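Engineer: 3D, please:
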Amino acid sequence: MTTDQTSAQSIRYRWTVLVMLTLVYTFNFIDRQILVILQEPIKAELGLSDSQLGLLTGFSFALVYVTAGIPIAWLADRSNRRNIVVASLAFWSFMTAISGLVQNFGQLLAARLGVGVGEAGGSPPSHSMISDYFPPSSRGTALSFYSMGIYIGVLFGFAAGGWLAENFGWRNAFFVIGIPGILYALAVFWVVKEPKRGQYDVGGVPPKSSLSETLACLRGRPTFWWISVGCAFTAFVSYGNGNFMPSFLMRNHGMSLAEVGATLGLISGLSGAAGTFLGGYLADRLAAWDIRWYIWIPMLGGLSAMIPAYYTLLGDSTTLIIAAMIPSQILGALYLGPCIATCHNLVSPGMRAMASAILFFVLNIIGLGLGPLTVGILSDLFAGPFGTDNLRYAMVVTLTISLLGALFLWMGARGLKRDLEVNRRALSAAQTDA
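Structural biologist: Numbers count the residues shown, from 1 in each chain. Model (predicted):
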């Protein structure tokens with residue numbers, strides 16, 4: 001077999017792995033977001049408040065997700081990452097399926113905590129594997145492609161969940177959504193292989209790094225922390241308002257559960273996926289002129305998304321507010337791939353799973369943990385002064401937090417070149433010592 005044929009097979013296989021890991025992430029978000037589309041019938045049957053819904057879809061899930069994420073990432077930097085992804089997918093899918101059996105808030109909370117534990121083992125090992133399958137010049141595109149799984153999951157979770165709940169009940173929706181993930185875990189185990197660590201990076205195969213060594217490294221990379229907090233406040237708005245958007249459309253615009261599922265599934269899924277891929281694609285190309293485009297694109301996208309997002313919340317015409325969601329979703333989704341790629345480029349290959357876990361710890365504890373909870377609490381507080389518009393104005397207040405996300409990303413861009421050079425020197429020194 002010629003070198004060209006071997007190279008072509010290698011490229012095809014790396015993209016096969018990327019597609020399969022993206023589908024894992026799709027299952028991650030289908031199982032995570034299914035509760036969002038089902039929260040109105042669940043609220044009615046179990047007698048829940050908006051604050052409890054915010055706790056279920058946000059803080060409680062995020063707390064266990066980020067707590068479990070650190071030790072799982074530590075293990076991923078030392079062992080077979082493929083096996084961790086497979087086991088995690090099977091477990092969270094099982095916990096999603098049994099969510100259909102719950103009888104009260106406590107049981108549903110316990111089931112969602114189980115989903116959170118499982119999903120904690122999905123992204124950090126996958127991020128690390130992708131960065132070992134793709135060279136730095138295309139890492140932003142690859143990680144953005146993977147991150148499209150968020151919005152593909154939203155599409156299927158909303159559309160299928162809404163239709164299933166309206167026709168067969170919300171409990172059966174959990175069963176139908178959860179069981180296929182267990183079967184797909186077997187396919188991932190059969191096809192995906194563990195890649196060689198650091199094969200495209202200076203220094204080759206890296207030493208296994210401890211949590212303390214990773215944290216010591218990141219203390220010398222302030223850009224990493226600015227990016228993490230910038231992503232966190234961007235996600236605060238995305239999760240906070242996104243998790244309550246189905247309820248907003250049903251309460252304030254009179255849409256049915258199936259209509260909301262189909263509408264949000266198509267708009268959020270397709271627009272969000274397009275924006276996510278576009279973010280990494282543009283960053284990889286514009287970075288040839290200035291590496292700071294990896295952060296400028298997420299920053300400018302978040303600021304620009306605010307204009308159509310405000311209209312979505314304050315407009316009266318259902319048709320026009322749905323149309324405004326499209327640019328809002330595209331622009332708001334630009335941030336994740338470039339930011340993950342940049343964080344991986346700031347550390348050694350032996351620290352990438354842990355770096356992803358720390359990034360997601362900050363992102364999810366603030367974004368997923370506090371975003372939906374804040375909207376739920378504000379909605380309950382605004383019920384008196386604003387009546388049926390309580391949720392609308394709670395989401396308007398939350399949207400303003402996008403300004404903080406843009407500010408922190410701008411701070412990160414200021415020191416990016418310096419921190420990348422620090423990391424390059426550290427990798428070169430490690431190679432010389434070896």
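Engineer: any low-confidence regions in this protein?
Structural biologist: 1-9, 201-209, 430-434 (pLDDT under 70).
Engineer: quick one, longest helix in it?
Structural biologist: Determined from DSSP state H, the single longest helix within the chain is helix 3-46.
Engineer: what's residue 277 in contact with, if anything?
Structural biologist: Counting by Cβ atoms under 8 Å, 6 or more residues apart in numbering, residue 277 touches 141, 144, 145, 148, 337. Every residue, glycine included, has its C-beta placed from N, CA and C.
Engineer: now do the closest residue to the last one other than its chain neighbours against residue 335, distance only.
Structural biologist: Which is residue 337. Leaving aside its chain neighbours, residue 337 sits nearest to residue 144 (2.6 Å; criterion: Cβ to Cβ, 6 or more residues apart in numbering). Residue 144 sits 10 Å away from residue 335, going by Cβ to Cβ, to the nearest Å.
Engineer: repeat that for residue 263.
Structural biologist: Separation of residue 263 from residue 335 (Cβ to Cβ) stands at 24 Å.
Engineer: before we move on, what about residue 397?
Structural biologist: Counting by Cβ to Cβ - residue 397 and residue 335 are separated by 21 Å.
Engineer: also residue 117?
Structural biologist: Residue 117 is 26 Å from residue 335, by Cβ to Cβ.
Engineer: more neighbours, those two?
Structural biologist: Neighbour count, other Cβ atoms under 10 Å: between residue 117 and residue 335, residue 335 has more, with 32 against 20.
Engineer: need the nearest residue in space to the more buried one, chain neighbours excluded.
Structural biologist: With Cβ to Cβ, 6+ apart, the residue lying closest to residue 335 is residue 298, at 3.3 Å.
Engineer: check which residues of the strand or helix carrying that neighbour are buried.
Structural biologist: Element membership of residue 298 [criterion: DSSP states H and E] is helix 293-314. For helix 293-314, a neighbour-count test (16 or more other Cβ atoms under 10 Å) marks 293-306, 308-313 as buried.
Engineer: so where do the helices sit in the stretch 251-400 of the chain?
Structural biologist: Here the stretch 251-400 of the chain has its helices, by DSSP state H, counting those that start in this stretch, at 257-266, 272-286, 293-314, 318-332, 336-345, 352-363, 369-381, 383-386, 390-399.
Engineer: of those helices, which is nearest residue 165?
Structural biologist: Nearest to residue 165 among the helices of the stretch 251-400 of the chain is helix 257-266; the distance by Cβ to Cβ comes to 5.9 Å.
Engineer: for the closest one, packing partners?
Structural biologist: helix 3-46, helix 139-168, helix 222-253 (3 or more Cβ pairs under 8 Å, 6 or more residues apart in numbering; DSSP states H and E).
Engineer: returning to what we had before: relative to residue 149, how far out is the residue nearest to residue 335?
Structural biologist: 18 Å.
Engineer: one more: residue 231?
Structural biologist: 17 Å.
Engineer: who's more crowded, those two?
Structural biologist: residue 231 (29 against 25).
Engineer: I'd say that one and residue 367 touch.
Structural biologist: Yes: assessed by Cβ atoms under 8 Å, residue 231 is found in contact with residue 367 at 7.4 Å.
Engineer: hang on, the earlier thing: dump the helix holding residue 298 to PDB, keeping only the CA atoms.
Structural biologist: The C-alpha trace of helix 293-314 is given here as PDB (Å, rounded to 0.1, in the frame of the first residue of the first chain):
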ATOM      1  CA  TRP A 293      -9.200  35.300  16.200                       C
ATOM      2  CA  TYR A 294      -9.700  32.100  18.200                       C
ATOM      3  CA  ILE A 295     -11.100  34.300  21.000                       C
ATOM      4  CA  TRP A 296     -12.300  37.300  19.000                       C
ATOM      5  CA  ILE A 297     -14.800  35.200  17.000                       C
ATOM      6  CA  PRO A 298     -16.600  33.900  20.200                       C
ATOM      7  CA  MET A 299     -16.500  37.400  21.700                       C
ATOM      8  CA  LEU A 300     -18.000  39.200  18.700                       C
ATOM      9  CA  GLY A 301     -20.500  36.400  18.200                       C
ATOM     10  CA  GLY A 302     -21.900  36.700  21.700                       C
ATOM     11  CA  LEU A 303     -22.300  40.400  21.500                       C
ATOM     12  CA  SER A 304     -24.000  40.300  18.100                       C
ATOM     13  CA  ALA A 305     -26.400  37.600  19.200                       C
ATOM     14  CA  MET A 306     -27.900  39.900  21.800                       C
ATOM     15  CA  ILE A 307     -29.800  42.000  19.300                       C
ATOM     16  CA  PRO A 308     -32.000  39.300  17.800                       C
ATOM     17  CA  ALA A 309     -32.200  37.600  21.200                       C
ATOM     18  CA  TYR A 310     -33.800  40.700  22.800                       C
ATOM     19  CA  TYR A 311     -36.400  40.800  20.000                       C
ATOM     20  CA  THR A 312     -37.100  37.100  20.500                       C
ATOM     21  CA  LEU A 313     -38.100  37.800  24.100                       C
ATOM     22  CA  LEU A 314     -39.800  41.200  23.700                       C
END
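Engineer: many thanks, we can stop here.
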